[in-house]
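J.: Predicted model, plus sequence, below.
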Amino acid sequence: MLSAHSLLWHYLWVAPNLLLLILALILWRRRAHRDFFAFFVFAIIGSLEQLTLYACDVIPSVSATTFWNVLWTGLLIEALLKFILIDALFGRIFGPHPPIARLGKILIRSVAVLLVLAASLLAAFSRVSNPHWIVAGPHLLEQTIYLIESGLLLFVFVFSAYFKLRSERVALGICLGLAVSACVHLATWAFSVNNGSPQVSVYLDFLNMATYHVCVLLWFYFLLLPHKVATKSAVSVPEHNLEVWNREMERLLHS
Amino acid sequence: MTLAIVLVIAAVVALVAILSLTVSRALQLSSDARLAPQIQPIDVEAFRNLVDPAEDEYLRRRLPASEFRSVRRQRLLATAAYVKAVGRNAAFLIRIGQSAMQSSDAHTVEAARQLVNEGLLLRRNAAFALLKIYTVWAWPSSVQSAVSILHGYEQMSGSAMLLGRLQNPAVPVRI
């Protein structure tokens, strides 16, 4: 069951991408795609790219070289889309708060530069998993992309938690799905790149595909399920001592 | 293999951190109504005294250099404790403000937005101030100022009062 080209393997490769495509279509039909345009584009292009790759894998007439070339191209496009999506999410979460929006931009850019440097160094010192560069290259590229993606998403979560910002539910859901997927993929690719065993690689592929499936379901949950709408202010006014405090403030302000 | 282990550990730590932050935020949402009593009253006068450059200058003139450094370090630690308390209060007020932003009353929403933004500014400044305080603690002969924190706190207190008045005009607010 846990072998390449088993029924489960086919399901885990195809189903999440079909579901993601369906999610994009639902968003489009509900006219919600304008609100989350970067995610909408990521969902369509990302899923089509994966389905194309699946087709290349199962169609016997497609050569191995073509498959790896498609994989390379797809990876680069997917990476670009993910970084655009993270940028859009960052703007959506912190943009409405001018006091921290600029600081956040400066910090996330600095974090991105550090992550690119770290990822490049790690890629340079990682073991080459295959003698053929066309095969080993994507592995290293995936490790690099997931390292940068995980770091950026971790920064988004930590920065927003430090300022106690309550993120919009959909933005939080998209970030969570991306983060879970990126962290698991980072761990598995790092292990896979540095461990040559083909059987282990197959198991890790299953773990990656299953995680991605869970993430797609998370996106369904956060994007399509209605959330509770507060009809009135949920917070009661704090206990009072306004007059004393006002006197104190006046005295301090005019001293 | 060492690199792989480092990356796997980093990925697991990041995943655990992200999941725990998500869960803790979800739990926070249910406890927003109990935030107000957690706000710690702050003695603004004592804080103002601690950050007064004239006080530092007076001590510098009166005390021997080594004793001044020791006294200043103690004053800096006390200032840091105040700044941490101000930062915590700002965090509570940000959460209260965000809850109040769901109100149907436009004035309350505007006051809440102002409170949230001033809270964010204060929390940011508090973080920078702490950084500065600990830097000065390591080099106590330098000149340090936390006056902007005090000003920020005063401004934010005003916003919280306005929000309190709008939400319930009959009840005054303590922050």
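T.: Received it, and whenever you're ready, just let me know what you need.
J.: Neighbours of A:Leu107, how many?
T.: Using other CB atoms under 10 Å in any protein chain shown, A:Leu107 has 13 neighbouring residues. Heads up, the C-betas are built off the backbone N, CA and C, glycines and all.
J.: where in chain A is pLDDT low?
T.: By pLDDT under 70, the weakly predicted segments of chain A are A:129, A:194, A:196, A:227-255.
J.: rerun at 90
T.: Filtered on pLDDT under 90, chain A yields the residue ranges A:1-5, A:31-35, A:96, A:98-99, A:122-140, A:142-143, A:165-169, A:189-202, A:225-255.
J.: same thing with chain B?
T.: Filtered on pLDDT under 90, chain B yields the residue ranges B:1-7, B:24-61, B:65-66, B:68-69, B:72, B:75-76, B:79-80, B:82-175.
J.: May I ask you to name the longest helix in chain B?
T.: Determined from DSSP state H, the single longest helix within chain B is helix B:65-100.
J.: Any part of that one near chain A?
T.: Yes - under the criterion of CB under 8 Å from any CB of the partner chain, chain A is reached by helix B:65-100 at B:91, B:94-96, B:98-100.
J.: okay, now the domains of chain B?
T.: Each domain of chain B is listed here as a residue range: B:1-30, B:35-167, per automatic domain parsing.
J.: Turn those domains into JSON lines, including mean neighbour count and distance to A:Leu107.
T.: Below are those laid out as JSON lines (neighbours: other CB atoms under 10 Å in any protein chain shown; distance: least, CB to CB, whole Å):
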{"stretch": "domain B:1-30", "mean neighbour count": "15", "distance to A:Leu107": "17"}
{"stretch": "domain B:35-167", "mean neighbour count": "18", "distance to A:Leu107": "11"}
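J.: got the ones you listed as JSON lines, with distance to A:Arg109 columns?
T.: Listed next are the domains of chain B as JSON lines, based on distance: least, CB to CB, whole Å:
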{"stretch": "domain B:1-30", "distance to A:Arg109": "19"}
{"stretch": "domain B:35-167", "distance to A:Arg109": "17"}
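J.: For A:Gly104, which of those domains is the nearest?
T.: Closest of the domains of chain B to A:Gly104 is domain B:35-167, at 9.8 Å (criterion: CB to CB).
J.: next one: that closest one to chain centre, how far?
T.: 6 Å (CA atoms, centre = their mean, to the nearest Å).
J.: likewise stretch A:179-198?
T.: With CA atoms, centre = their mean, you get 15 Å for stretch A:179-198.
J.: Quick one: residues in contact with it.
T.: A:126-127, A:129, A:139-140, A:142-143, A:146-147, A:149-150, A:153-154, A:157, A:200-201, A:204, A:207-208, A:211-212, A:214-215, A:218, B:1, B:3-4, B:7-8, B:10-12, B:14-15, B:18-19 (CB atoms under 8 Å, 6 or more residues apart in numbering or on different chains).
J.: likewise stretch A:17-34?
T.: With CB under 8 Å, 6+ apart as the criterion, stretch A:17-34 contacts A:36, A:40, A:43-44, A:46-48, A:50-51, A:54, A:213, A:216-217, A:219-220, A:223-224.
J.: For the residue most central in space within chain A, give me its contacts.
T.: Central residue of chain A (CA atoms, centre = their mean): A:Leu178, 2.2 Å from the mean position. A:Leu178 sits next to A:82, A:85-86, A:149, A:153, A:215 when contact means CB under 8 Å, 6+ apart.
J.: Nearest to A:Trp133 among the domains of chain B would be which one?
T.: domain B:1-30 (19.1 Å).
J.: Does chain A have contacts with that closest one?
T.: Yes - Domain B:1-30 reaches chain A (CB under 8 Å from any CB) through B:1, B:3-4, B:7-8, B:10-12, B:14-15, B:17-19, B:21-22, B:24-25, B:28-29.
J.: how far is that domain from where the chain is centred?
T.: Chain-centre distance of domain B:1-30: 25 Å, with CA atoms, centre = their mean.
J.: Over to stretch A:68-84?
T.: 14 Å.
J.: What residues of that stretch count as buried?
T.: By neighbour count on 16 or more other CB atoms under 10 Å in any protein chain shown, the buried set for stretch A:68-84 is A:68, A:70-71, A:74-75, A:78-79, A:81-83.
J.: Quick one: residues in contact with that stretch.
T.: A:38, A:41-42, A:45-46, A:49-50, A:52-53, A:56, A:134-135, A:137-138, A:141-142, A:145, A:148-149, A:152, A:178.
J.: For burial, what's the neighbour tally of A:Ala124?
T.: Quick note: A:Ala124 (other CB under 10 Å) scores 8 neighbours.
J.: Starting from chain B, give me the distance back to it.
T.: 10 Å (CB to the nearest CB, to the nearest Å).
J.: any idea which element that residue lies in?
T.: Using DSSP states H and E, A:Ala124 maps to helix A:98-125.
J.: Show me where the chain has its helices.
T.: Because you didn't say which chain, this covers chain A. Counting by DSSP H, the helices of chain A are A:7-29, A:37-58, A:64-94, A:98-125, A:133-162, A:169-194, A:198-224, A:242-253.
J.: My question was about chain B, not that one.
T.: Using DSSP H, helices in chain B cover B:2-30, B:44-50, B:53-62, B:65-100, B:106-138, B:147-167.
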